[in-house]
Structures are given as structure tokens and as C-alpha cells.
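A.B. asks: here is a sequence together with a model predicted from it:
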Amino acid sequence: MRVALAGRGLAARHGDTEVFSGVDIRVDAGTVVGVVGRSGSGKTTLLRILAGLAAPAAGRVEHVGFGYRPGDIGLLSQHPRLVSNPRWTLRRIVGEPAAIAGAGCDVEAIADRVGLDPALLDRRPSQVSDGQLQRACLGRLLVQKPRFVLADEPTAMLDPISTRAVIALLQQLVDDGAGMVLVSHQRRIVEARSDRLVELDGR
Ligand SMILES: Nc1ncnc2c1ncn2[C@@H]1O[C@H](COP(=O)(O)OP(=O)(O)OP(=O)(O)O)[C@@H](O)[C@H]1O
């Protein structure tokens, strides 16, 4: 059976408001599924449900062909500052998945790969730019090597050159076998990179 992350008949509500319903999504290992939809249509909410961070109002999330373990799903947020521990150095943020696994990790080499000046590794999130912090979060993902990457507007903070670099690095994870759900306002990027598209209507 092909390893996949799937959502079937998913619905989401915030209070009395229905965000979406009847959403089916399946991302196979080694493929990219793009999620598009206008602002407020529920793209971030869908990723949070797929990651297990929020419960769906209806439907279910399935881990197809694998037994889920923490670390299997990696999230790249459009708001790196909200998901990064403000007290940690970038070095600790990048290397934490290896530390949890009791493994070593060449953080400098990872920084180099994601275009982050290694001199910034001993700074804290408040001492670097959003784009630099996003690169650190991407480096952390390279260390984590999740089965599935849920990328929520991963290039929102970046200039065009950095955007291409980040997309190329995410593509490397996919080439190495990860499945990816890619959310972006830049429909052109999503369409160019995705094997399949899921469109959220919004209301
Ligand atoms: N914690 C919350 N409480 C109440 N409503 C919420 C909450 N989080 C999100 N919403 C609402 O749910 C809807 C979907 O939000 P979500 O962030 O998933 O949309 P999105 O498609 O990712 O938007 P954007 O493209 O602007 O990032 C929006 O109408 C939003 O206002």
C-alpha cells in the first residue's frame, strides 16, 4: 500500500461558523498536493487538521500505510515567529529534531544549505528577520526529515530569489520521498509545483 496522508469528508467550524465541509484530500509519499482558495477559505485550518493540531467537525484523517509517530508530519508556517520558541537560539531550533532523536547534526552545514549565515545561529528569533527565521525553520525541517511536509505560505516572508531557493529545497524533500501539501497565495507557484490541486471555495 502506498504511504499517504489523507482526509476524507473533512469539515471545519469555528464556533457557529462553518469554514468548509466535504473536503477530500490525499497526498501520497513523493508527491505534492496544492491547496488554493481565497483568504479565509480555511487553508491553514485544513493543514492544522491534517497535522492533528485541530479536530475536524466531521470526517477523518487517515495515516495510510504507516503507523503515525511524532515527527512524521512537519509544518512550515507563514508566521515563523509564532511557532518558534523566543528563548531558543536558531542553533537549538534547527538542531532540536536531532537532539530529540539522540542523533548528531551538523547545524552549520544545514544553515549553509538553506542560505542562512551561520553567524546568525547563536541569535534568538527576536534578533533576526522574518526571512532569516523562516530559513531556520526550513533547516529544522531538513533535520526532522518528516514523512509529510505541510507548508503554509512558506514563501510569504521572502524575496523572489529566496522564494525560488525555498521552493527548490522543499522540492528536494519531495524528491527524497516526502509528501507535501503546499498552500500559497501565489497560484502560479502552486500550480507549477503540484501533482494535484484541492480548491477550497470559501463563502
Ligand atoms: N481561532 C479562530 N477562531 C475563530 N475563527 C477563526 C479562528 N481561526 C480562523 N478562523 C476563521 O476561520 C476561517 C478560515 O481561516 P484560515 O486561517 O484557515 O483561512 P486561510 O484560507 O488560511 O486564510 P489566509 O489565506 O488569509 O491565510 C476564517 O474566516 C477565519 O477568520
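C.D. replies: Yep, that arrived. Residues are numbered from 1 along each chain as shown.
A.B. asks: report the contact partners of the closest residue to residue 23 other than its chain neighbours.
C.D. replies: Nearest residue to residue 23, sequence neighbours excluded (C-beta to C-beta, 6 or more residues apart in numbering): residue 10, at 4.4 Å. C-beta here means a position set from N, CA and C on the backbone, and glycine is covered the same way. The contact partners of residue 10, by C-beta atoms under 8 Å, 6 or more residues apart in numbering, come to 20-25, 46, 49, 56, 58-61.
A.B. asks: nearest to the ligand among the residues you listed?
C.D. replies: residue 46 (6.9 Å; C-beta to the nearest ligand atom).
A.B. asks: sorry, back to before: can you add secondary structure, pLDDT and distance to residue 39 and give the contacts of residue 10 back as a markdown table?
C.D. replies: Formatted as a markdown table, the contacts of residue 10 follow (DSSP: H, G, I helix; E, B strand; the rest coil; pLDDT from 0 to 100; distance: C-beta to C-beta, whole Å):
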| residue | secondary structure | pLDDT | distance to residue 39 |
| --- | --- | --- | --- |
| 20 | strand | 95 | 14 |
| 21 | strand | 96 | 19 |
| 22 | strand | 96 | 21 |
| 23 | strand | 97 | 17 |
| 24 | strand | 97 | 22 |
| 25 | strand | 97 | 19 |
| 46 | helix | 96 | 14 |
| 49 | helix | 97 | 18 |
| 56 | coil | 97 | 21 |
| 58 | strand | 97 | 23 |
| 59 | strand | 98 | 23 |
| 60 | strand | 97 | 27 |
| 61 | strand | 97 | 24 |
